[in-house]
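Asker: Structure here, sequence nowhere to be found:
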Ligand SMILES: [Mg+2]
């Protein structure tokens with residue numbers, strides 16, 4: 001079953017616990033990392049329920065390949081916008097545009113897209129400026145959770161990944177109404 005709502009997701013401290021990342025050299029490729037509690041199960045369930053999921057993440061292509069393959073998540077992404085490949089980092093609109101383009105989506109589809117991430121300055125500012133929905137996951141303690149401007153204000157706030165399916169269903173109902 002295909003859903004109208006489309007999920008864009010950050011990876012670091014949204015799916016992967018950045019505090020567990022293992023690199024051979026500082027700033028290098030991540031070889032392994034743990035997932036945040038509930039993140040893997042939630043993302044797999046959403047994929048199995050037919051949601052279209054795109055990765056919109058800052059980092060190295062090989063790092064995300066390693067960690068997503070490690071957790072059996074690499075196949076769930078219908079598109080991947082990775083900063084190393086795109087050439088810019090969030091909040092640059094080209095990151096979000098890349099994911100939209102890979103999925104064959106246009107301006108008219110923007111109300112269907114929800115971006116979830118942990119970083120106000122990257123994920124929320126970027127999604128808000130791009131004109132898609134934004135959800136802050138405030139699970140990781142590494143970044144601040146208090147927004148300081150309209151540009152940083154998320155449309156939705158989640159404390160745990162397990163809250164995401166209900167939010168997607170809520171947006172789905174809004175789109176149908
Ligand atoms: Mg992040």
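Answerer: It's in. Model, not experiment: these values are computed from the prediction. Residues are numbered from 1 along each chain as shown.

Asker: show me where this protein has helices.
Answerer: Here the chain has its helices, by DSSP state H, at 39-48, 61-70, 83-86, 93-102, 125-130, 164-176.

Asker: Determine the set of other helices and strands touching the second one.
Answerer: Helices and strands in packing contact with helix 61-70 are listed as strand 30-32, strand 52-57, strand 77-82; criterion 3 or more Cβ pairs under 8 Å, 6 or more residues apart in numbering; DSSP states H and E. Where you see a C-beta, it was placed from the backbone N, CA and C, and this is true even at glycine.

Asker: Check the third one too.
Answerer: The elements that helix 83-86 packs onto, with contact taken as 3+ Cβ pairs under 8 Å, 6+ apart, are helix 93-102.

Asker: Could you give the average pLDDT over the helix it packs on?
Answerer: Helix 93-102 shows a mean pLDDT of 98.

Asker: who's in contact with the residue in the chain positioned nearest to the ion?
Answerer: Going by Cβ to the ion, the ion is nearest to residue 12 of the chain, at 3.8 Å. Residues near residue 12 by Cβ atoms under 8 Å, 6 or more residues apart in numbering: 18, 57-59, 118.

Asker: The same query, at a cut-off of 10 Å, please.
Answerer: 18, 21, 30, 33, 36, 57-59, 63-64, 67, 117-119, 122, 140, 142-143 (Cβ atoms under 10 Å, 6 or more residues apart in numbering).

Asker: and the residues you listed near the ion, which?
Answerer: The subset of these within reach of the ion, by Cβ under 5 Å from the ion, is 118-119.
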